[in-house]
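Asker: can't give you the sequence, but here's the structure:
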């Protein structure tokens, strides 16, 4: 099956710093990638939809200036958490859409801890 | 408002038993239904998808869909300790390609 990678798998940073998370589709081209956030014991919450070569579409309540998304190629999307604060600590998961609209491949996730 | 309801559990079953996981959804426009399994600290992985009313079987897993009742379930036969995880129900509206995830049901299979 299709493989999606994320880097880093975990990161610890100080409050106020920025953190970049990469999401790559390794063996297929993904015109659309999704970014989710998951707090403990909660469901996946869609943050934004990222389309290659265009601006990301953010879900209601997600600050686009705080969570910068870049989808510069068909295999790479990045999420940058700017000026991170402890409340941004969460599990960030990306997914990439395959050929079928019902095909969604998840990356392994990135656990962010902001001190 | 699109909502997905799942009993958070935990649902505890003995090894070898049938585990029954249930999900109700509010969006009548939902056309595709997905069950994901998520181990603690890991990302979700797709278990099954179902599109039509009735049952769909894949190995030890059976998905059941009743659109009239807005209800979808997942049965796991011969449950194994390795099935212990959180199971997420995710319907997808026909006009969208993004599923809506429920909070999931925690399943514990004890030896």
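Answerer: That came through fine. What you see is a predicted model, and the numbers here were worked out from it, not measured in a lab.
Asker: who touches the residue most central in space within chain A in this structure?
Answerer: Nearest to the mean C-alpha position of chain A, counting by CA atoms, centre = their mean, stands residue A:35 at 3.6 Å. Residue A:35 makes contact with A:23, A:46-48, A:50, A:67, A:69, A:77, A:79, A:92-94, according to CB atoms under 8 Å, 6 or more residues apart in numbering or on different chains. Every C-beta, even on glycine, is put in place using the N, C-alpha and C of the backbone.
Asker: Quick one: the strands in chain B, in order.
Answerer: Secondary structure of chain B (DSSP state E): strands at B:4-5, B:11-14, B:19-25, B:30-38, B:45-50, B:54-58, B:61-66, B:71-76, B:85-93, B:105-110.
Asker: circling back: return the closest of the contacts of residue A:35 with respect to chain B.
Answerer: For the contacts of residue A:35, the residue nearest chain B by CB to the nearest CB is residue A:93; the value is 4.8 Å.
Asker: what are the bridge partners for the closest one, then?
Answerer: Residue A:93 forms beta bridges with residue A:36, as assigned by DSSP bridges.
Asker: I'd say it and residue A:43 touch.
Answerer: No. The criterion here is CB atoms under 8 Å, and residue A:93 misses it with residue A:43 at 11.4 Å.
Asker: Can you pick out the residue with more neighbours from these two?
Answerer: residue A:93 (26 against 21; other CB atoms under 10 Å in any protein chain shown).
Asker: Tell me who's in contact with that one.
Answerer: A:6, A:35-38, A:44, A:106-107, A:109-110, B:43-44.
Asker: ok, and the closest non-adjacent residue to the residue nearest to the centre of chain A?
Answerer: Closest residue to residue A:35 apart from its sequence neighbours, by CB to CB, 6 or more residues apart in numbering or on different chains: residue A:47 at 4.6 Å.
Asker: how about JSON lines for the contacts of residue A:35, with pLDDT and secondary structure added?
Answerer: As requested, the contacts of residue A:35 are arranged in JSON lines below (pLDDT from 0 to 100; DSSP: H, G, I helix; E, B strand; the rest coil):
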{"residue": "A:23", "pLDDT": "96", "secondary structure": "strand"}
{"residue": "A:46", "pLDDT": "93", "secondary structure": "strand"}
{"residue": "A:47", "pLDDT": "95", "secondary structure": "strand"}
{"residue": "A:48", "pLDDT": "94", "secondary structure": "strand"}
{"residue": "A:50", "pLDDT": "90", "secondary structure": "strand"}
{"residue": "A:67", "pLDDT": "97", "secondary structure": "strand"}
{"residue": "A:69", "pLDDT": "95", "secondary structure": "strand"}
{"residue": "A:77", "pLDDT": "94", "secondary structure": "strand"}
{"residue": "A:79", "pLDDT": "97", "secondary structure": "strand"}
{"residue": "A:92", "pLDDT": "98", "secondary structure": "strand"}
{"residue": "A:93", "pLDDT": "97", "secondary structure": "strand"}
{"residue": "A:94", "pLDDT": "96", "secondary structure": "strand"}
